[in-house]
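Peer 1: Based on what follows, work out the 3D shape:
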Amino acid sequence: MKESLHKVSFGSEWHKINLKFLNCLALIAGMVVLTALIGCKGKDNRLEKVIVYTYNSFSGEWGAGPEVARLFKEKTGLTVEYADCGDGGQILSKALLEKDDPYADVLIGLDNSIYEQAIESKILLKWKPKMDLKDGLLEQINENDDIYIIPYDYSPFAFMFDTQSGLPAPKNFEDLTKSIYKKKIILMDYRTSTPGLGFKKWVEKVYGDKADDYMNRLNPNILTTAPSWSVGYGMFTEGEAPLVISYTTSEPYHVEYDKTDRYKALAFDEGHLMQVEGAAVLNKAKNKEGAKKLVEFLVSEDAQKLIAQTQWMFPSNKNIKLPQSYDGVINPEIIK
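Peer 2: Residues are numbered from 1 along each chain as shown. The predicted structure is shown next:
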């Protein structure tokens, strides 16, 4: 009887131990499955968004970025996340630091002053998106027939002039060195500003190996070298100086929002340099297909119709009709 009870008792304990063991196995298996599901969900989430390195005047509330992101999500279901990195050079520098394991999928803001460095770094994807661009833009930001960077806007650099300053408008670079313009010119630092770098390259194109000599002659007339376009242009509109380096397409901004033709872009006798801005997909992007869709969308008519009155540049899509405020924009000779 005791033996029998012992066996019954042993059997009960074994049953309990067995149940605990099975429950433990089930718990472990459940955790493995849950971990796998969470991992898959994490991957899925990453494929549901496109991460973009860009600059503030694109991604900020007054730029095209927020509306581009909204329309793109509406069209594709994908979320766009912007990270402000500074100007085009800073965008490229950050991408180069992360070249083996990039955080971003897309770079928006590379321009024709740094495109060679960007392409030679081999961090960009070579591909051919669907696009309907104005003639000649691709060639200014890519090499040969290979396409890495897709242009989304462009404009010639130009000096903006306050016509109420009481000064005559300069007609060329030599005029800028005249004493009547002493402390009347605002430039930007070429190391931190795209227009600043554009001006530097413009002078080098016009003066060649005498560019430094020209800058020495111009120096007495420079009020300041601002750290960014926004700082320098803000000083200009506040009346601190009547001349500032910018773009021909800065003029229609004042026509549209200030309802004035007081501020004019000047056509110089020597000709002008063009800036072309582009977007590129990173070779090792974690969401490469989403990145391609975003870049194609950026040059589509739905996105391009935003460019003229947010970026204040010419849109690259040839089918976009410009607003009336652009009617008076100068069309200067472009230096190749």
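Peer 1: Surely V203 touches L176?
Peer 2: No: under the criterion of C-beta atoms under 8 Å, V203 makes no contact with L176, lying 10.1 Å away. The C-beta positions use only the backbone N, C-alpha and C, and glycine is treated the same way.
Peer 1: quick one, what contacts E204?
Peer 2: The neighbourhood of E204, defined by C-beta atoms under 8 Å, 6 or more residues apart in numbering, consists of A211.
Peer 1: so for the host helix or strand of it, what's the average pLDDT?
Peer 2: Element membership of E204 [criterion: DSSP states H and E] is helix 194-207. Average pLDDT, helix 194-207: 96.
Peer 1: Name the nearest residue to K182, ignoring sequence neighbours.
Peer 2: Computed as C-beta to C-beta, 6 or more residues apart in numbering, the closest residue to K182 that is not its neighbour in sequence is N221, at 5.3 Å.
Peer 1: cool, P168 as well?
Peer 2: In this structure, P168 finds its nearest non-sequential neighbour in I180, 7.6 Å apart by C-beta to C-beta, 6+ apart.
Peer 1: list the helices and strands the helix or strand harbouring N216 packs on?
Peer 2: N216 is part of helix 211-218, with elements assigned from DSSP H and E. Counting contacts by 3 or more C-beta pairs under 8 Å, 6 or more residues apart in numbering; DSSP states H and E, helix 211-218 packs against helix 194-207.
Peer 1: Buried residues, the helix it packs on. List them.
Peer 2: Of the residues in helix 194-207, those buried under the neighbour-count criterion (16 or more other C-beta atoms under 10 Å) are 194-204, 206.
Peer 1: Distance to D87 for those residues - can I get that in CSV?
Peer 2: Conversion of the buried residues of helix 194-207 to CSV gives the following (distance: C-beta to C-beta, whole Å):
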residue, distance to D87
T194, 5
P195, 9
G196, 9
L197, 8
G198, 11
F199, 14
K200, 13
K201, 14
W202, 17
V203, 19
E204, 19
V206, 23
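Peer 1: out of these, who's nearest A280?
Peer 2: T194 (16.2 Å; C-beta to C-beta).
Peer 1: How about the contacts made by that closest one?
Peer 2: T194 makes contact with 87-88, 111, 113, 229, 275 under the criterion C-beta under 8 Å, 6+ apart.
Peer 1: ok, and the closest non-adjacent residue to T224?
Peer 2: I186 (6.0 Å).
Peer 1: what are the ranges of the helices in the stretch 51-200 of the chain?
Peer 2: Per DSSP state H, counting those that start in this stretch, the stretch 51-200 of the chain carries helices over the ranges 56-59, 65-76, 88-97, 115-120, 173-176, 194-207.
Peer 1: Would you mind giving those as CSV with distance to K305 added?
Peer 2: As requested, the helices of the stretch 51-200 of the chain are arranged in CSV below (distance: least, C-beta to C-beta, whole Å):
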stretch, distance to K305
helix 56-59, 16
helix 65-76, 10
helix 88-97, 23
helix 115-120, 25
helix 173-176, 36
helix 194-207, 23
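Peer 1: and of those helices, who's closest to F157?
Peer 2: Closest of the helices of the stretch 51-200 of the chain to F157 is helix 194-207, at 4.4 Å (criterion: C-beta to C-beta).
Peer 1: from the chain's centre, how far out does that closest one sit?
Peer 2: Counting by C-alpha atoms, centre = their mean, to the nearest Å, helix 194-207 is centred 20 Å from the centre of its parent chain.
Peer 1: If I take that helix and helix 88-97, what angle do their directions form?
Peer 2: Using axes from the mean of the first three to the mean of the last three C-alpha atoms, to 10 degrees, the direction of helix 194-207 lies 110 degrees away from that of helix 88-97.
Peer 1: Ramachandran angles for the nearest residue to V255 once chain neighbours are set aside?
Peer 2: Leaving out its chain neighbours, the residue that sits closest to V255 by C-beta to C-beta, 6+ apart is S325, at 4.3 Å. Here the main-chain torsion angles of S325 (degrees, to the nearest 10) amount to phi -60, psi -20.
Peer 1: Isn't S325 up against E256?
Peer 2: Yes: with contact taken as C-beta under 8 Å, S325 and E256 are classed as touching, separated by 4.0 Å.
Peer 1: More neighbours: these two, which one.
Peer 2: In this comparison of S325 against E256, neighbours counted by other C-beta atoms under 10 Å, the higher total goes to S325 at 19 against 15.
Peer 1: and the more buried one, what is it in contact with?
Peer 2: Listed by C-beta under 8 Å, 6+ apart, the contact partners of S325 are 252-253, 255-256, 309.
Peer 1: coming back round to it: just the residues contacting the helix holding N216, thanks.
Peer 2: Counting by C-beta under 8 Å, 6+ apart, helix 211-218 makes contact with 173, 176-177, 185, 203-204, 206-207, all of which sit outside it.
Peer 1: what about the helices in the stretch 201-336 of the chain?
Peer 2: Applying DSSP H, counting those that start in this stretch to the stretch 201-336 of the chain gives helices spanning 211-218, 229-237, 251-253, 288-298, 301-304.
Peer 1: Tell me the buried residues in the first one?
Peer 2: The reference is to helix 211-218. If you call a residue buried by 16+ other C-beta under 10 Å, then helix 211-218 has these buried ones: 211, 214-215, 218.
Peer 1: Return that helix as CSV; C-alpha atoms alone will do.
Peer 2: Listed next in CSV are the C-alpha coordinates belonging to helix 211-218 (Å, rounded to 0.1, in the frame of the first residue of the first chain):
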residue,chain,number,x,y,z
ALA,A,211,41.8,85.9,-58.1
ASP,A,212,43.7,86.6,-54.9
ASP,A,213,44.8,89.9,-56.1
TYR,A,214,41.2,90.8,-57.0
MET,A,215,40.0,89.8,-53.5
ASN,A,216,42.7,92.0,-51.9
ARG,A,217,41.4,94.9,-53.9
LEU,A,218,37.8,94.1,-53.0
